[in-house]
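Q: all I have is the shape, not the residue letters:
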């Protein structure tokens with residue numbers, strides 16, 4: 001049975017789990033972990049992705065990310081391919097480092113954010129990497145230490161997480177730590193990482209109770225949330241898929257999109273390539289990058305090669321293009337009515 005497409009949108013919250021091939025080790029030592037964090041920090045900052053929680057385990061990792069204007073797939077592609085390439089070079093190995101497909105669960109933020117932060121940050125304790133909560137407070141390779149104020153990673157979003165636990169920050173940290181301590185006895189939470197309906201309902205007992213009452217929920221393996229949340233996410237995903245399919249059906253790819261943006265902005269195609277900083281050129285390039293990534297599904301690397309600019313520059317252009325398109329009410333749907 002073919003795997004379903006990932007569901008993503010700006011501002012979407014994702015619990016991500018990536019494992020080594022055949023559950024093999026992906027972090028052998030401190031140097032590996034530091035390299036991964038350096039790459040993660042650079043990518044989430046460039047893409048304006050928020051990282052609420054994270055934990056590195058020898059053979060896998062967990063991330064809790066809220067996407068910006070760069071799709072999650074592009075963020076993860078850069079992170080995994082860059083780290084794997086360096087890992088293989090360092091240890092003179094070849095082949096895949098990660099399982100071919102990382103797990104990504106779209107989550108309902110207002111309901112599950114606190115629970116997911118706790119669950120992810122307790123992973124080193126469940127795995128036996130640390131022996132108690134005091135050691136977890138000081139463990140460098142988990143976001144819990146950052147929330148406790150023992151480490152500062154500027155790319156980790158601690159302020160908004162701590163606000164969920166009160167004010168001032170000293171009280172918030174104390175309340176957060178008590179919340180984590182309360183979850184230590186829970187073990188693996190199938191309702192947070194297991195099947196879609198079980199996850200959405202809050203566990204097997206909840207599912208059984210609902211079915212006894214003849215209540216049926218909309219559910220999806222890729223999501224963690226209530227029925228309305230799942231329904232809305234599927235509807236939005238269907239709309240984006242249909243837009244992309246309609247563009248492809250009309251034969252509209254990158255070349256046609258670039259030509260249309262050129263006509264729309266009166267900027268020649270050759271001017272959009274390169275790092276020209278003239279205001280109208282930057283505007284046109286930004287619109288092109290935003291639509292190419294968001295609507296055609298192109299990777300930042302592909303655009304980087306086509307335009308002759310660095311990947312971080314493409315990332316910034318996508319974010320700028322989103323703001324321009326929103327402000328000027330530019331819609332990709334207009335392409336469907338243009339003869340190219």
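A: Received the coordinates, thanks. The shown structure was predicted, so the numbers you read here are calculated from the model rather than taken from an experiment. Numbers count the residues shown, from 1 in each chain.
Q: please enumerate the strands of the stretch 101-250 of the chain.
A: For the stretch 101-250 of the chain, the strands defined by DSSP state E, counting those that start in this stretch cover 103-107, 223-224.
Q: just these: most buried one?
A: Across the strands of the stretch 101-250 of the chain, averaging neighbours per residue (mean count of other Cβ atoms under 10 Å) puts strand 223-224 on top, at a mean of 24. The way it works is simple: take the backbone N, C-alpha and C, and place the C-beta from them, glycine included.
Q: how many residues are close by residue 267?
A: 21 (other Cβ atoms under 10 Å).
Q: next one: residue 315
A: 27.
Q: does it touch residue 75 like I think?
A: No: with contact defined as Cβ atoms under 8 Å, residue 315 does not count as touching residue 75 (9.2 Å).
Q: shared neighbours of these two, anything?
A: Common contacts of residue 315 and residue 75 (Cβ atoms under 8 Å, 6 or more residues apart in numbering): residue 47.
Q: for residue 155, give me its contacts.
A: Residue 155 neighbours (Cβ under 8 Å, 6+ apart): 40-42, 44-45, 51.
Q: which of these sit farthest apart?
A: 42 and 51 (11.9 Å; Cβ to Cβ).
Q: now do residue 263 against residue 11, distance only.
A: 31 Å (Cβ to Cβ, to the nearest Å).
Q: now residue 116
A: Residue 116 is 16 Å from residue 11, by Cβ to Cβ.
Q: on that earlier part again, take the strands of the stretch 101-250 of the chain and write them to TSV, including distance to residue 259 and mean pLDDT.
A: What follows is those, written out as TSV (distance: least, Cβ to Cβ, whole Å; pLDDT from 0 to 100):
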stretch	distance to residue 259	mean pLDDT
strand 103-107	34	79
strand 223-224	37	53
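Q: so which of those is nearest residue 56?
A: For residue 56, the closest of the strands of the stretch 101-250 of the chain is strand 103-107, at 15.9 Å, according to Cβ to Cβ.
Q: quick one, phi psi at residue 53?
A: Main-chain torsions, residue 53, degrees, to the nearest 10: phi -160, psi 150.
Q: helices of the stretch 51-200 of the chain, start to end?
A: 72-90, 109-121, 123-126, 133-138, 144-147, 159-163, 169-182, 190-193, 196-201 (DSSP state H, counting those that start in this stretch).
Q: okay, the ones you listed, which one's buried deepest?
A: Stretch with highest mean neighbour count among the helices of the stretch 51-200 of the chain: helix 144-147 (a mean of 24; mean count of other Cβ under 10 Å).
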